[in-house]
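Participant: model the structure of this input:
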Amino acid sequence: MPWKASSVMEERLRFVARLLDGEAMSEVCREFGISRKTGYKIFDRYKEHGLEALSDRCRRPIRYANQLPAQIETLIVQLKADKPHWGARKIRELLVRRLDGDIKVPAKSTIHAVLDRHGLVKRSGGPRHRARGTPLSQGTLPNDLWCADFKGEFKLGNGRYCFPLTVTDHASRFLLLCEALDSTREEPAMTAFERLFRERGLPLAIRSDNGVPFASPNALFNLSKLSVWWLRLGIAIERIKPGHPQQNGRHERMHLTLKKEATRPPGFNSLQQQERFEAFRGEFNIERWHEALNMKCPAELYTASPRPYSGLPELTYPFHDRDVLVTNCGRLCLHRKKINISAVLAGQKLGIKEVDDGIWLVSFMHYDLGYFDLEQRTLQPLDNPFGPKPVTHVSATTSAP
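Facilitator: Residues are numbered from 1 along each chain as shown. This next block holds a predicted model:
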């Protein structure tokens, strides 16, 4: 399981960090309960191959800037303090000379990402917008926040499974959508959302869990094509913490009522089941009062969004050097070299800007995603703007500033 692989890698990182601090191999091995032979094997692998050697599973690009041992990161920051006018390229060369081949030195883009995270990178040509995480907002007015989820699948009378896609307005509790789908695939979900957007307009934010199709566990920042589409429409993403369904509590309570009143017994086929969902939706919105709404029904409080759906707006990057399209396989091409970005951004226009000699910043809308250099050709991501940890909120817009 992923958490085990992550735990093993963290243990190895701590082991290597202790050795880099100058502690004796025999002492560190004794504390970690391993033989000196195993200890030397781990350390030799690290010196030869860098951080990749410490991971048992390498199915996605390792985010070196976020996984460097603290000693290496501290050394990079200290070198920058000693040489404030030096960029990542010169600092890397200094690291190569100081470490004298004992340890694999990070790439230029990795070093630049470390400096950026510590606020040691200056940019010109426009305001700086670092990607920020989205907190769980209050959603006090209709269409401030919609909550989306798939209620647990159940078997229809004909033996096929039904996957109900549900969407509610957080403030009014209005049940906007209850669609009987045959899977959790992105395409039917996007079709259902498009119909909903045309009918009700666009919300400011949508809250969901971290499962498909709202998120992709192996993609950049766990984005999915559905969530990228929401961002393009100016809809902010909110994600609850894994294992904390209470953060979507109002929606979950609606699911309990839905299950009791509209799925027992289930319809024979998806058409019959959809009919039951529509009947439930009408009753829930028009006839069912709520104590939390001062004994009013959701329909008495909900009004359609003033933000109409009119397709995707154009993306522009006036403060970047150029625009590039991500290929179908998730790459961008520059100087006849292919740089891996993410397949979930296929077909999207990104802005790139050379911020140091051979180091490029990549942005999507107003989100700075990370850096790459033409030697490593892999994106070194910045902090995850779409993780569950609440930080400063940034509303989505249609173009880069």
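Participant: drop to CA atoms for contacts and neighbour counts, all remaining ones
Facilitator: OK.
Participant: tell me how the chain divides into domains.
Facilitator: Taking automatic domain parsing as the criterion, the chain consists of the domains 1-58, 60-122, 146-301.
Participant: looking at those domains, which has the lowest confidence?
Facilitator: Ranked by mean pLDDT, the domains of the chain bottom out at domain 1-58, which scores a mean of 71.
Participant: quick one: closest of the domains of the chain to Asp357.
Facilitator: domain 60-122 (7.1 Å; CA to CA).
Participant: so which residues of the chain form helices?
Facilitator: With helices called from DSSP state H, the chain shows them at 2-20, 25-32, 36-49, 64-67, 70-82, 88-99, 108-117, 186-200, 225-232, 249-262, 270-286, 298-301.
Participant: redo the ones you listed as TSV? Include distance to Tyr371 and mean neighbour count.
Facilitator: TSV is the format used below for the helices of the chain (distance: least, CA to CA, whole Å; neighbours: other CA atoms under 10 Å):
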stretch	distance to Tyr371	mean neighbour count
helix 2-20	23	16
helix 25-32	35	14
helix 36-49	21	16
helix 64-67	10	18
helix 70-82	17	15
helix 88-99	12	16
helix 108-117	6	25
helix 186-200	29	16
helix 225-232	20	21
helix 249-262	38	15
helix 270-286	47	17
helix 298-301	46	17
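Participant: before we move on, the earlier item: make TSV from the domains of the chain and add distance to Ile359 to it.
Facilitator: What follows is the domains of the chain, written out as TSV (distance: least, CA to CA, whole Å):
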stretch	distance to Ile359
domain 1-58	21
domain 60-122	6
domain 146-301	20
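Participant: out of these, which comes closest to Glu375?
Facilitator: Among the domains of the chain, the nearest to Glu375 by CA to CA is domain 60-122 (8.2 Å).
Participant: and the closest one, how far out from the chain's middle?
Facilitator: Distance of domain 60-122 from the chain centroid (CA atoms, centre = their mean, to the nearest Å) equals 25 Å.
Participant: next: stretch 205-223.
Facilitator: With CA atoms, centre = their mean, you get 6 Å for stretch 205-223.
Participant: and it, what's buried?
Facilitator: Of the residues in stretch 205-223, 205-216, 219-223 count as buried by neighbour count, 16 or more other CA atoms under 10 Å.
Participant: what do you get for stretch 152-165?
Facilitator: Glu153, Leu156, Tyr161, Cys162, Phe163, Pro164, Leu165.
Participant: wait, the third one touches Asp182, no?
Facilitator: Same thing as Tyr161. Yes. Using CA atoms under 8 Å, Tyr161 makes contact with Asp182 at a distance of 6.3 Å.
Participant: Glu238 and Glu300, how far apart?
Facilitator: Using CA to CA, to the nearest Å, we find Glu238 at a distance of 26 Å from Glu300.
Participant: out of the domains of the chain, which comes closest to Leu334?
Facilitator: domain 60-122 (15.5 Å).
Participant: quick check: closest non-adjacent residue to Phe150.
Facilitator: Leu165 (4.6 Å; CA to CA, 6 or more residues apart in numbering).
Participant: ok, the one you found touching Leu176?
Facilitator: No. Contact status for Leu165 versus Leu176: not in contact, 10.5 Å apart, counting by CA under 8 Å.
Participant: OK, contacts around Gln71?
Facilitator: Counting by CA atoms under 8 Å, 6 or more residues apart in numbering, Gln71 touches Ala17, Leu20, Asp21.
Participant: can you lay out these as a markdown table showing distance to Gln348?
Facilitator: Formatted as a markdown table, the entries for the contacts of Gln71 read as follows, by distance: CA to CA, whole Å:
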| residue | distance to Gln348 |
| --- | --- |
| Ala17 | 40 |
| Leu20 | 42 |
| Asp21 | 44 |
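Participant: how near is the most centrally placed residue in the chain to Cys333?
Facilitator: Most central in the chain under CA atoms, centre = their mean is Phe221, positioned 2.9 Å from the mean C-alpha point. According to CA to CA, Phe221 and Cys333 sit 21 Å apart.
Participant: who touches the closest residue to Arg281 other than its chain neighbours in this structure?
Facilitator: The spatially closest residue to Arg281, leaving aside those adjacent along the chain, is Leu175, at 6.2 Å (CA to CA, 6+ apart). Applying CA under 8 Å, 6+ apart, we find Leu175 in contact with Thr166, Val167, Thr168, Asp169, Arg281, Phe284, Asn285, Pro298.
Participant: do the same with Leu156
Facilitator: Leu156 sits next to Cys162, Pro266, Gly267, Phe268, Asn269, Ser270, Gln273 when contact means CA under 8 Å, 6+ apart.
Participant: any idea how far it lies from Pro265?
Facilitator: 9 Å.
Participant: was I right about Ile111 contacting Lys90?
Facilitator: No. Proximity of Ile111 to Lys90 does not meet the contact threshold set by CA under 8 Å, at 10.3 Å.
Participant: common neighbours of these two, please.
Facilitator: By CA under 8 Å, 6+ apart, no residue touches both Ile111 and Lys90.
Participant: hmm, who's touching stretch 112-123?
Facilitator: By CA under 8 Å, 6+ apart, stretch 112-123 touches 65-66, 73, 76-77, 80, 87-88, 355, 359, 370-371, 380-382.
Participant: swap the cut-off to 10 Å and go again
Facilitator: 64-66, 68, 73-74, 76-77, 80-81, 84, 87-89, 91-92, 106-111, 128, 130, 355-356, 359-361, 370-373, 380-383 (CA atoms under 10 Å, 6 or more residues apart in numbering).
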